[in-house]
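Enquirer: next come a sequence and a model predicted from it.
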Amino acid sequence: MRYVDDKAVDLKIAYIGGGSKEWARKLMSDLALEESLEGTVYLYDIDVESARLNEAIGNKLNSQWKYKCVLSIEEALKDADFVVISILPGTFNEMMSDVHAPEKYGIYQSVGDTTGPGGLFRALRTIPIYVDFANKIKEYCPNAWVINYTNPMALCVRTLYETFPDIKAFGCCHEVFSTQSLITKALKEMEGIECKRDDIYTNVLGINHFTWITKAHYKEIDLFPVYMKFVEKHKDDGYEDRGDWQDSYFNSANLVKFDLFDKYGFIAAAGDRHLAEFTPKDYLKDPETVEKWKFHLTPVSWRIKNRENLIEKSRRIAKGEEEFKAVPSGEEGVKQIKALLGLGDLITNVNIPNRGQIGNVDFNTVVETNSLFTKDGVYPIFAGNIPDRVKLLMGPHILNQKMIFEAAVKKDKDLALQAMLNDPIVNLTYEDGKKLFDEMMDNTREYLKDWH
């Protein structure tokens, strides 16, 4: 890497999971639109065909970036300046078990990738993979910055640091961005003031997918009273800021978010599908309850069909049968890369180990707060304590982060079972919990062969 006229050139980005059907195209778009960066993206994926399709797609953009599919992770990582990781840990067969096996026991999960039984088993598959990633990064590019997009986010980032303590890694999630955008819409509707998400300040703290905003300002305006009026207006019927909630599995009417604000007095900063999984069964009692709260259970069958559509789209683009235009993704990975290269500071929310930025959470717990990105540094911004009433909800999940990591490293079934039973949405007897646990262990045995 070198600099020419305030431009970083000859950058090397290693993309683990470089056959990604969506995240890769977002990165390609944002890199193509950023004129101050130039280099090569090395695409590595166990799905070589998909990585080759992305190589063809990326090189069709005719941007300042080249894309190269490689067959070994070592070649991708060797002397990389940045490493991007976005993988699917396991197959849709395992995800089918994650999401749907618990339904026989009355446990419904709207996402199933972070918490609950689904998040647990996804973590048990993912942690050994990330141990290997961390060791390879230590060997081939120990000074690289590592950007993680894979879920379960907190446990992926924790594994990287536990395995290689000197790693320079952080996890990115766009859930807070959507909530910040919702706050700007509240400001426009209630006060007639238009602004962008970047124009407001929010104090963010919590754990991934269960983040909260404890302060929010636009210039001299305290946005909490504004949001309170907005919630009061819409808490019965909801507010569909992304279109009709019934039109997409990813849409909602924000009723869960509004209800949490009513009950706890702070702004829950994630989508309703994620928030619902961290609370007791208020919102996920059964499919009828989910419908009442106007969000969705996302079936794995839809994900399988969507993946097929995305693969076909990639093939059309690679063949030149469909145009691929670079448009801003709304993600901040490229902005973070720029800041780390010294091309402009940035403050944004990321997932990193707690070093005191949250006062009442144990050190090393991976938390999500604002951080300052500057030349070769990410510095967490002090966010204060998690309010006690919110921490009561968050407590079991903070404990589970530690327990699940330990269970995965030690291959300890008993500890993993205890973590599952500790999850608020499980609420099963020990006997029924063990039956479910054993069934899900069997369903994911390909990845958990040596467990005892």
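Expert: Nice, I can see it. Numbering: from 1, shown residues only.

Enquirer: for the rest of this, base every contact and every neighbour count on C-alpha atoms.
Expert: Noted.

Enquirer: show me what counts as buried in the helix ranked longest in the chain.
Expert: Ranked by residue count and defined by DSSP state H, the top helix of the chain is helix 116-140. Buried residues in helix 116-140, counted by 16 or more other CA atoms under 10 Å: 116-128, 130-131, 133-134, 136-138, 140.

Enquirer: now stretch 17-31
Expert: In stretch 17-31, counting by 16+ other CA under 10 Å, buried: 17-21, 23-31.

Enquirer: repeat that for stretch 444-452.
Expert: Buried-residue list, stretch 444-452, by 16+ other CA under 10 Å: 444, 447, 448.

Enquirer: contacting residues around that stretch?
Expert: Stretch 444-452 is contacted by residues 90, 94, 97, 121, 124, 125, 411, 412, 413, 441 when judged by CA atoms under 8 Å, 6 or more residues apart in numbering.

Enquirer: swap in 10 Å and give it another go.
Expert: 89-91, 93-95, 97-98, 121-122, 124-126, 128-129, 407-408, 410-414, 438-439, 441-442 (CA atoms under 10 Å, 6 or more residues apart in numbering).

Enquirer: now the end-to-end length of it.
Expert: In stretch 444-452, first residue to last residue: 14 Å (CA to CA, to the nearest Å).

Enquirer: likewise for stretch 378-395?
Expert: Stretch 378-395: ends 26 Å apart by CA to CA.

Enquirer: gap between that stretch and the chain center?
Expert: 18 Å (CA atoms, centre = their mean, to the nearest Å).

Enquirer: go through it and flag the buried ones.
Expert: 378, 380, 381, 382, 383, 384, 385, 386, 390, 391, 394.

Enquirer: stretch 334-348 now?
Expert: 334-343, 345-348.

Enquirer: for the closest residue in space to residue 152 that isn't next to it in sequence, which three-state class applies?
Expert: Once flanking residues are discounted, residue 152 sits nearest to residue 114: 4.5 Å by CA to CA, 6 or more residues apart in numbering. Of the three states, residue 114 takes coil according to DSSP: H, G, I helix; E, B strand; the rest coil.

Enquirer: wait, residue 345 touches residue 379, no?
Expert: No - the criterion here is CA atoms under 10 Å, and residue 345 misses it with residue 379 at 11.2 Å.

Enquirer: what touches both of those two?
Expert: In contact with both residue 345 and residue 379: 372, 373, using CA under 10 Å, 6+ apart.

Enquirer: does residue 378 belong to a helix or a strand, and which?
Expert: strand 377-380 (DSSP states H and E).

Enquirer: which other residues reach that strand?
Expert: Contacts of strand 377-380 (CA under 10 Å, 6+ apart): 145, 168-170, 336, 339-342, 345-358, 368-373.

Enquirer: select from those every entry located in helices.
Expert: 336, 339, 340.

Enquirer: now, which of the residues you listed sits nearest residue 5?
Expert: Ranked by distance to residue 5 (CA to CA), these are led by residue 339 at 16.2 Å.

Enquirer: and that closest one, how close does it get to residue 234?
Expert: 38 Å.

Enquirer: same question for residue 101.
Expert: Applying CA to CA to residue 101 and residue 234 gives a distance of 35 Å.

Enquirer: sec struct for residue 227, please.
Expert: helix.

Enquirer: that one and residue 218: what is the separation?
Expert: 12 Å.

Enquirer: quick one on the thing from earlier: any idea how far the longest helix of the chain is from the chain center?
Expert: For helix 116-140, the distance to the chain centre is 15 Å (CA atoms, centre = their mean).

Enquirer: neighbours around the closest residue to residue 123 other than its chain neighbours, how many?
Expert: In space, and not counting its chain neighbours, residue 123 is closest to residue 152: 6.2 Å by CA to CA, 6+ apart. By other CA atoms under 10 Å, 22 other residues sit near residue 152.

Enquirer: same question for residue 216.
Expert: 20.

Enquirer: for it, give the beta-bridge partners.
Expert: residue 202 (DSSP bridges).
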